[in-house]
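S.K.: this one's sequence-less:
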């Protein structure tokens, strides 16, 4: 007896179901493997990010240290300029003492006048 169409359909449906079951198992395995690989990649990526952040922090600290040195150099340069100005003023006072006294007197008088007029308001 030859198999009937119904039996052939049942057989084909059974085969299709078995293939679907295998496909579902393979898909689950693929998802688990992908999750495992993704987890490993996240660990590697996290380590790389930590290393980059540490390098950035070290570079920032080095820049701050250099900034302190630069600030000291600028302060030293400003102090030198201030000393030069004081020396120049001292030389000018020695060369023209009467004119220097007149300028100092006038500046004091203007400051006193401004201070008194500020209090009247």
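M.R.: Thanks, I have it. In this text, all values refer to a predicted model and were calculated from it rather than measured experimentally.

S.K.: which SSE is immediately downstream of the helix or strand harbouring residue 32?
M.R.: According to DSSP states H and E, residue 32 maps onto helix 5-95. Later in the chain than helix 5-95, the nearest helix or strand by DSSP H and E is helix 97-120.

S.K.: not counting that following helix itself, show me its contacts.
M.R.: When contacts are defined by C-beta atoms under 8 Å, 6 or more residues apart in numbering, helix 97-120 is touched by residues 92-93. The C-beta positions use only the backbone N, C-alpha and C, and glycine is treated the same way.

S.K.: and that helix with helix 5-95, angle?
M.R.: Comparing the axes of helix 97-120 and helix 5-95 via axes from the mean of the first three to the mean of the last three C-alpha atoms, to 10 degrees yields an angle of 130 degrees.

S.K.: and helix 97-120, how far out from the chain middle?
M.R.: Its chain's C-alpha centre and that of helix 97-120 lie 51 Å apart, by C-alpha atoms, centre = their mean, to the nearest Å.

S.K.: now do stretch 91-102
M.R.: Centroid displacement of stretch 91-102 relative to its chain, using C-alpha atoms, centre = their mean, is 54 Å.

S.K.: for stretch 34-53, same thing?
M.R.: Relative to the centre of its chain, stretch 34-53 is centred 22 Å away, using C-alpha atoms, centre = their mean.
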